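Trainee: Kindly return the folded structure for what I paste below:
(one chain, ligands or ions: 2)
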Amino acid sequence: MSSSISTIPLASQVGGHAGVLTSEDGSLLIKPASPPEHQFYQSLNTNPAFDALRPFVPKFLGTLKLEGQVDETNQGLDPGSGIAVKQLPEAHQKDEWSSMSHGHFLVLENLLHHFIRPNILDIKLGTVLYDEDSSAEKVARMEKTARNTTSLETGVRLTGFQVYDNATNEAVNTPKSYGKSIKPSDLSEGIARFFPALSVYNTQGLPPKLLVPVLKGLREDIAEIREAFASVDLRMVGGSLLIVYEGDLAKAEDGAKWMLEEEDEEGEDDDDDDDEKLKRGPPYTVKLIDFAHTRFVPGQGPDEGVLKGFDTVQSLLDGRLKEVESA
Ligand code: ADP
Ligand code: MN
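Mentor: Ligands and ions are numbered 1, 2, ... in the order given. Okay, here's the model as predicted:
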């Protein structure tokens, strides 16, 4: 049996291959994905070895097939729900993603769904940027890329980000060429660009009283993600931390208030809100994304290059917090 859902392009994509989609209501993220990424998400949902990591990855809701385009002999994948993706942008018919994904899409939670003005940063993690099965030529090229960027020394690279400007109500984009061009000593400036303090001199970002709880909350969440990641035997190549915080001032203010209320009454259930968009919660989120080149390596321990990346992100957030608090 098959039904269909309508899709539209993801309004705010800051990194990766173009062409990520969402459902029309914005709740679902639909991404063409290679067989290894499908397999990663399937084992994430079923293998107890990943229990610790599961809360820190977008919810995996299933797979979709592009009707009429599926190679049935394809890699023994779970055939998924068999839902047709309607209104697929024409570019998808022929681009590289269609060919590598064989018309198979991942259906994930859209991390931007509850944000009015999402400020978004994609940080590529790890010091090793090539696969086990890469050609010698690709290994050499990716080693050079790691050396010539911040990746090798710090385990992170800023891939791309957007920050809303309160004067124009538009998102200002910083392309991946910026993150690729900077030195490790410039990373703190890059982080300050993503977390600008709103002032009479600067129309982007949040005022310090809202920026501080956002930075503290992210800092705590990332410490938890690091701990979970240290408990799994994975090699994650080209994966990212996706950091999102609310750029709408009223919504961010309500989110900060919500954080204080949560501290006061831990465990109390909030009233369900009818309108999903108005749902209350923290004014930020952070998750691990992009498992196209992630492998399970039982018995071999965690990915040290990715752990180094977490440490770098933690100290960058600590540094930014100090700057904002002392300004
Ligand atoms: P690629 O292999 O092309 O790098 P990614 O999984 O990194 O694919 O996705 C590309 C971009 O799409 C990310 O940089 C981010 O902006 C957006 N994105 C990916 N997954 C999600 C998600 N679950 N929610 C919101 N945005 C996402
Ligand atoms: Mn990516």
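Trainee: and Lys322, how many neighbours?
Mentor: By other C-beta atoms under 10 Å, 11 other residues sit near Lys322. In this view, the C-beta of every residue, glycine as well, is placed from N, C-alpha and C.
Trainee: for Asn47, same thing?
Mentor: Counted with other C-beta under 10 Å, Asn47 comes out at 13.
Trainee: where's it relative to Gly126, distance?
Mentor: Distance from Asn47 to Gly126, counting by C-beta to C-beta, to the nearest Å: 21 Å.
Trainee: Mind telling me what element Gln42 is part of?
Mentor: Element membership for Gln42, per DSSP states H and E: helix 35-46.
Trainee: Is any residue of that helix near ligand 2?
Mentor: No: shown here: helix 35-46 not in contact with ligand 2 (C-beta under 5 Å from the ion), separated by at least 10.5 Å.
Trainee: mind pulling up the phi and psi values for the residue of the chain found nearest ligand 1?
Mentor: Closest to ligand 1 within the chain is Gly16: 2.5 Å, counting by C-beta to the nearest ligand atom. With angles defined as degrees, to the nearest 10, Gly16 sits at phi 80, psi -170.
Trainee: before we move on, back to that, avg pLDDT for the helix holding Gln42?
Mentor: What helix 35-46 shows for mean pLDDT is 93.
Trainee: go on, stretch 238-258?
Mentor: Here stretch 238-258 scores 97 as its mean pLDDT.
Trainee: Surely Gly26 forms part of a strand?
Mentor: No: membership of Gly26 in a strand is not supported by DSSP: H, G, I helix; E, B strand; the rest coil, which gives coil.
Trainee: That one - how many residues pack around it?
Mentor: 17.
Trainee: For it, give me its contacts.
Mentor: 110, 112-113 (C-beta atoms under 8 Å, 6 or more residues apart in numbering).
Trainee: Equivalent analysis for Ile222, please.
Mentor: 241, 286, 310, 313-314, 317.
Trainee: ok, so of those, who is nearest ligand 2?
Mentor: When the contacts of Ile222 are compared for distance to ligand 2 (C-beta to the ion), Leu241 wins out at 10.6 Å.
Trainee: Skip the chain neighbours and tell me the closest residue to that closest one.
Mentor: Nearest in space to Leu241, with sequence neighbours left out and distances taken as C-beta to C-beta, 6 or more residues apart in numbering, is Ile123 at 4.6 Å.
Trainee: Endpoints of stretch 170-188, how far apart?
Mentor: 24 Å (C-alpha to C-alpha, to the nearest Å).
Trainee: touching ligand 1 at all, it?
Mentor: No: judged by C-beta under 6 Å from any ligand atom, stretch 170-188 stays clear of ligand 1, getting no closer than 9.4 Å.
Trainee: Buried residues, that stretch. List them.
Mentor: Residues 171, 174, 176, 178-180, 182, 187 are the ones in stretch 170-188 that count as buried (16 or more other C-beta atoms under 10 Å).
Trainee: what pairs with Thr7 across the strands?
Mentor: Beta-bridge pairing for Thr7 (DSSP bridges): Ser23.
Trainee: Residues of the stretch 201-327 of the chain that sit close to ligand 1?
Mentor: So the stretch 201-327 of the chain meets ligand 1 at 240, 242, 289-290, 292 (C-beta under 6 Å from any ligand atom).
Trainee: so can I have TSV of these showing secondary structure?
Mentor: Output for those, formatted as TSV (three-state DSSP):
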residue	secondary structure
Ser240	strand
Leu242	strand
Ile289	strand
Asp290	coil
Ala292	coil
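Trainee: Scan those residues and report the most crowded one.
Mentor: Within those, neighbour counts (other C-beta under 10 Å) peak at Ser240, which reaches 25 neighbours.
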